[in-house]
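Trainee: What follows is a protein structure lacking sequence information:
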């Protein structure tokens, strides 16, 4: 912990955060100590756009799971990162999360690598709208849609439903052009927009240190920034519960709950 404090106190820190940072806000992850076993094949971009039944099932699942995401509040870890950013020690934040809790905790700017569940995009005209507006439309279109009393919310912000449970769910089209709506997040089989990737690489390349928070770094989408930092000789610190795929590249490893650890870090380093 002392080594972590010393590294952050020198400033120029870029944060790379993952799902483990949001578990204390009630959003589970797939790989950490509170992780859930993925029980269904993740939705791919190709299936979402090409299969109307699969698209209906996705929106039904997401409709039920959205409540948890919308009601989640930033935790001590999010607030600590924002504090470190405000005092100038953290110079950039890149998150793999789609829950918007960094911003809710006071951080700005934040690069949302995989987008945000709080926005909806039309794949035809490109119109970007708030998820809350779509949620109101779906509520009106689906009165009484409660196939499960207490569905288990997945880290992706949805719940598990069978085809039969989702069969009667009514979906909504774009209010502007009637086109296909999609959450403004990167699905499996879809590429992260290059401007986002390049901006994140730019932060890493200019960093004095890279601080990884709550990520097992299993997915290359996030791990590539650690790989780049290691090649450049940028010191890497990892705070996570459990091992990661880049532990061997880290100069500092802290295996501990993130909220408490980051609060202490912000207090002593800032």
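Mentor: Sure thing, it's come through. Bear in mind the structure is a predicted one, so any value in this text is a computation, not a measurement. Residues are numbered from 1 along each chain as shown.
Trainee: for residue 227, helix, strand, or coil?
Mentor: Following DSSP: H, G, I helix; E, B strand; the rest coil, the label given to residue 227 is helix.
Trainee: I'd like the distance between it and residue 239.
Mentor: Between residue 227 and residue 239 the distance is 19 Å, computed by Cβ to Cβ, to the nearest Å. Any C-beta I mention is one placed from the backbone N, CA and C, and that applies to glycine too.
Trainee: Can you give me the distance of the residue nearest in space to the middle of the chain to residue 192?
Mentor: Nearest residue to the geometric centre of the chain (Cα atoms, centre = their mean): residue 97, 0.8 Å. Going from residue 97 to residue 192 by Cβ to Cβ gives 14 Å.
Trainee: Find the residues that touch each one of these two.
Mentor: Both residue 97 and residue 192 are contacted by residue 114, under the criterion Cβ atoms under 8 Å, 6 or more residues apart in numbering.
Trainee: Skipping its backbone neighbours, what lies nearest residue 189 in space?
Mentor: residue 44 (4.1 Å; Cβ to Cβ, 6 or more residues apart in numbering).
Trainee: Measure how buried the one you found is and give me the count.
Mentor: Number of residues near residue 44 (other Cβ atoms under 10 Å) recorded here: 15.
Trainee: elements contacting the helix or strand of the chain with the lowest mean pLDDT?
Mentor: Lowest by mean pLDDT, DSSP states H and E among the helices and strands of the chain is helix 163-166, with a mean of 86. Packing contacts for helix 163-166, counted by 3 or more Cβ pairs under 8 Å, 6 or more residues apart in numbering; DSSP states H and E, involve helix 52-71.
Trainee: Now do the helix it packs on, average pLDDT.
Mentor: For helix 52-71, mean pLDDT is 92.
Trainee: Could you measure from residue 182 over to residue 156?
Mentor: Using Cβ to Cβ, one obtains 14 Å as the distance from residue 182 to residue 156.
Trainee: More neighbours: which of those two?
Mentor: Higher neighbour count among residue 182 and residue 156: residue 156, with 23 against 20, using other Cβ under 10 Å.
Trainee: Tell me if I'm right that that one and residue 28 touch.
Mentor: No: contact criterion Cβ atoms under 8 Å: residue 156 and residue 28 do not qualify, at 10.0 Å.
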